[in-house]
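A.B. asks: no FASTA, just this:
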């Protein structure tokens, strides 16, 4: 539960970094702080704790040392106005112009990703087909847990693109 997780984070110096789906919240922090948070959460009745194998404390204040370099890269990248709104996963709100997209990218580095509210917003606004592009299918699984009626497609390899084209042509 989010309130219990916030309390554990406050007491251990960790941060919520992802609100993924019902029952799944990810926290970030220094390794010793994460161990303390894990022990405290278990003591308070957490049902399942899974250490993630990631290379950094993404979406947290621990990303601060690279903000300057990342900001320079974002500011030096040419963006075009989106043809359709992009739903930000920090605010779960639509982005419709280049400047808001840049701002969102800069916030993503250090702020909590609101994946569940993002998917809920999209579903409430008529989106019922979700595509995950890239290796893995974590997001596809999360979408199904948030919106079981949604159609999901995972595009992780070139043959997936071929299948998607065939599906589009048969419709």
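C.D. replies: Here it is on my side, so go on. What you see is a predicted model; the values in this text were computed from it and never measured.
A.B. asks: Can you pull the domain assignment for the chain?
C.D. replies: For the chain, the domain assignment from automatic domain parsing gives the residue ranges 2-127, 128-171.
A.B. asks: For the chain, which segments count as helices?
C.D. replies: Assigned helices in the chain, in chain order: 2-12, 31-43, 67-75, 98-108, 115-124, 138-146, 158-170 (criterion: DSSP state H).
A.B. asks: okay if I get these as CSV plus distance to residue 90?
C.D. replies: To be clear about C-beta, it is placed using only N, CA and C from the backbone, and glycine gets the same treatment. As requested, those are exported to CSV (distance: least, Cβ to Cβ, whole Å):
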stretch, distance to residue 90
helix 2-12, 16
helix 31-43, 22
helix 67-75, 14
helix 98-108, 5
helix 115-124, 9
helix 138-146, 16
helix 158-170, 28
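A.B. asks: Which of those sits closest to residue 58?
C.D. replies: Among the helices of the chain, the nearest to residue 58 by Cβ to Cβ is helix 98-108 (8.7 Å).
A.B. asks: thinking again about what came up before, winner for burial among the domains of the chain?
C.D. replies: Between the domains of the chain, domain 2-127 has the highest mean count of neighbours, a mean of 15, where neighbours are mean count of other Cβ atoms under 10 Å.
A.B. asks: Would you check that residue 115 makes contact with residue 17?
C.D. replies: No. Using Cβ atoms under 8 Å, residue 115 makes no contact with residue 17, being 10.8 Å away.
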